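[1] Sequence plus the predicted model coming up.
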Amino acid sequence: MTDTVLDRFLRYVVIDTQSDPASSTQPSTIKQKDLGRLLVNELLAIGLSDAHLDEHGYVYATVPSNSDKAVPVICFCSHMDTAPDFTGTNVKPQIVRDYGGGDIQLSGDKKQVIRVSENPALNDQIGNDIVTTDGTTLLGADDKAGIAEIMTAAQILMDNPDIKHGTIKLLFTPDEEIGRGVDKVDLTKLGAQFAYTMDGETAGHIEDETFSADGVEIAIEGVAIHPGFAKGKMENAIKIAGAIIDRLPKNVAPETTEGREGFVHPTGLTGSMEKAAISLIVRDFEEAGLTDKEKRLEALVQDVMADFPGSSYTFIVKQQYRNMKVVLDRHPQIVDNAIEAIRRAGMPPVRGSIRGGTDGSRLSFMGLPCPNIFAGGHAFHSPREWISRQDMDKAVATLVELAKVWEERA
């Protein structure tokens, strides 16, 4: 096989793998297995004889060690699903070759323009080949770029036995975009000691910190009565919910925060006169900040409810994931080796934090420490998503160098 990373990427993005948060199955959509089966066939073709797709939609494979050293087993991981935020059906990838600068208007929907003002990273792409959609779908660089990069690096390692490396496990997961990416992963079968997700953005970046994350469900029981006889009696659950949302602090929202600032964010609202429900997510890099926001949120709810003495509420907090830095700081060699690999691949390493989470967040707390390396995509979850071929090439080079660094330092 002579596939480049671009060849692979273009082949993968046209396969619809959108996940579905309303589904209770694993994977949430059976079509994710379409990509899984293709990946297994390609892995087998490049010599990874144990490659297989399990019933839950996970792809496992092993690049065997060719070193005499006792090298720690590492894993490269990316997710196969695309986000429910925007359609991933009938993706038509477009290539802007030798990008000359300026905004990029997408051919399928003239209203969709990738603007330099909103994507300053385009200024670093002059002369490169930019892959976009036609503007009617998302692209799926999140995270099919990561998959293409891992697949290409695996082929390079298999085709070049002079590149010394330890055992490398490959893991491709379903349902990451709906928070279930590692729900049924078999870590015993995987057999890795450390891992890296290829799911980041700008070339040269490695992220060893995520938000800590909780979900909050508020259920309101109002007082329902015929509106013709409601004076002094009715307590409308919809209005109670509206009052709570109106009281949310404006400066602790996704649209007003950045950097290491956390937020409280309503994600869903349903209701009738009798009952209403609000779903929210709470995010902070510090556990104490998470707890403080939740206490303030419940105090706000209690304050609103005081005006509705006949009504009641429940307030349920569900843990989602925690800041992986707590785990990764115990194993500094994981990030140190990645920083060295990025440097060897010709980029200045940039260490940062994710205002979100990855499969690596949960894997780290499940016993598989797992930072996040750039995959090169930008404007995720939108029809204006884009990536450059050259950045994907840099990610492949980083993975190959990373395999070498672990072997050298063993």
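    Sure thing, it's come through.
[2] where do the strands sit along the stretch 201-350 of the chain?
    Listed in chain order, the strands found in the stretch 201-350 of the chain under DSSP state E, counting those that start in this stretch are 205-210, 212-221, 263-271, 275-284, 312-321, 350-354.
[3] avg pLDDT for the last one?
    Read that as strand 350-354. Average pLDDT, strand 350-354: 94.
[4] Which strands and helices lie in contact with it?
    If you count contacts as 3 or more C-beta pairs under 8 Å, 6 or more residues apart in numbering; DSSP states H and E, strand 350-354 packs onto strand 205-210. For glycine as for every other residue, the C-beta is placed from the backbone atoms N, C-alpha and C.
[5] Could you do the first one as well?
    Here strand 205-210 touches helix 325-328, helix 332-344, strand 350-354, strand 372-374, going by 3+ C-beta pairs under 8 Å, 6+ apart.
[6] and the ones you listed as a markdown table, adding distance to residue 193 and mean neighbour count?
    Conversion of those to a markdown table gives the following (distance: least, C-beta to C-beta, whole Å; neighbours: other C-beta atoms under 10 Å):
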| stretch | distance to residue 193 | mean neighbour count |
| --- | --- | --- |
| helix 325-328 | 13 | 18 |
| helix 332-344 | 10 | 19 |
| strand 350-354 | 22 | 16 |
| strand 372-374 | 17 | 27 |
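[7] Okay, now the unreliable bits of the protein?
    1-2 (pLDDT under 70).
[8] quick revisit: so which of the helices and strands packed on strand 205-210 gets nearest residue 147?
    Checking the helices and strands packed on strand 205-210 against residue 147 by C-beta to C-beta gives strand 372-374 as the closest, at 13.3 Å.
[9] Show me what that closest one is packed against.
    strand 194-200, strand 205-210, helix 389-408.
[10] Just put these in a markdown table and tack on mean neighbour count and distance to residue 283.
    Formatted as a markdown table, the helices and strands packed on strand 372-374 follow (neighbours: other C-beta atoms under 10 Å; distance: least, C-beta to C-beta, whole Å):
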| stretch | mean neighbour count | distance to residue 283 |
| --- | --- | --- |
| strand 194-200 | 25 | 18 |
| strand 205-210 | 23 | 9 |
| helix 389-408 | 23 | 27 |
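[11] Out of these, which gets nearest to residue 375?
    Across those, closest to residue 375 is strand 194-200 (C-beta to C-beta), at 4.8 Å.
[12] follow-up on the earlier one: which of the helices and strands packed on strand 205-210 sits closest to residue 13?
    With C-beta to C-beta as the yardstick, what comes closest out of those is strand 372-374 (18.0 Å).
[13] So what touches the closest one?
    Outside strand 372-374, the residues within contact range by C-beta atoms under 8 Å, 6 or more residues apart in numbering are 196-208, 210, 338, 342, 354, 358, 360, 391, 395, 398-399, 402.
[14] swap the cut-off to 6 Å and go again
    Contact with strand 372-374 is made by 196-200, 202-203, 205-207, 358, 360, as judged by C-beta atoms under 6 Å, 6 or more residues apart in numbering.
[15] Partner strands of it and their direction?
    Note on strand 372-374: by DSSP bridges, its sheet partners are strand 194-200 (parallel), strand 205-210 (antiparallel).
[16] So which residue is smack in the middle of the protein?
    Per C-alpha atoms, centre = their mean, the C-alpha nearest to the average position across the chain is that of residue 358, at 4.6 Å.
[17] In contact with that residue, which residues are there?
    Residue 358 neighbours (C-beta under 6 Å, 6+ apart): 197, 199, 372.
[18] which among the residues you listed gets closest to residue 3?
    Closest to residue 3, out of all of these and judged by C-beta to C-beta, is residue 199, at 21.2 Å.
[19] now the closest one: how far from residue 11?
    19 Å (C-beta to C-beta, to the nearest Å).
[20] swap in residue 153?
    Distance, residue 153 to residue 11, by C-beta to C-beta: 16 Å.
[21] same for whichever strand or helix holds residue 156, what does it pack against?
    Using DSSP states H and E, residue 156 falls within helix 141-159. Packing partners of helix 141-159 (3 or more C-beta pairs under 6 Å, 6 or more residues apart in numbering; DSSP states H and E): helix 5-13, strand 74-79, strand 194-200, helix 389-408.
[22] now for those, which one comes closest to residue 230?
    Nearest of the helices and strands packed on helix 141-159 (C-beta to C-beta): strand 74-79, 50.2 Å.
[23] No further queries at this time; thank you.
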